[in-house]
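Need coordinates for the below:
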Amino acid sequence: EYVADAAVRDKLKSLFAIFQFRGCDTLKALYGVDISNPYALAWLLLSAGLFGLSTWAVPSIMATLSAELFGSSHTARILGLVTLFFGVGQIIGPLIAGIVTDAAGDFGFIFGFSSASLIFASLFSWYHSKKTNSS
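Numbers count the residues shown, from 1 in each chain. Next comes the predicted model:
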């Protein structure tokens, strides 16, 4: 264990708690989420936690994957390209979703399509990893 880890741990826990409470307060103010209901609060915190784990895990996973696949001498270049294409997707995705939502009248189709895409990508990755590991 590093000295910096021990010194910063309590400050990070406090900062995390502040952000969580501030997020809950903002949701209550904007959307009327009743955080006094323990079930609503539990689902809200679970959702925020899963979002944080899935979103902020991506950069570290991509950096590790870039180093493993292309070697440490090319990691920065590959990570730059990955970031560029993530950015392009983050620009184009909401634009297309907005156009489809305007045409459909609600978000149902876009949420369904996003869920189906996630399930397909997960199954594809699982199948491909089993195929690669068995060879």
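
drop to CA atoms for contacts and neighbour counts, all remaining ones
Will do.

Select the longest helix from this protein.
helix 38-70 (DSSP state H).

residue ranges of the helices in this protein, please?
In order along the chain, the chain carries the following helices (DSSP H): 3-31, 38-70, 75-104, 108-134.

Using CSV, please lay out those together with mean pLDDT and mean neighbour count.
Rendered in CSV, the data for these read as follows (pLDDT from 0 to 100; neighbours: other CA atoms under 10 Å):
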stretch, mean pLDDT, mean neighbour count
helix 3-31, 60, 12
helix 38-70, 78, 13
helix 75-104, 92, 13
helix 108-134, 79, 12
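
Against Trp56, how distant is Glu83?
One thing to correct before we go on: residue 83 is Thr, not Glu. Here Thr83 is placed at a distance of 13 Å from Trp56 (CA to CA, to the nearest Å).

now do Gly112
With distances defined as CA to CA, the gap from Gly112 to Trp56 amounts to 24 Å.

Over to Leu81?
When distances are taken as CA to CA, Leu81 and Trp56 turn out to be 18 Å apart.

before we move on, what about Asp34?
Plainly put, Asp34 is 27 Å away from Trp56 if you go by CA to CA.
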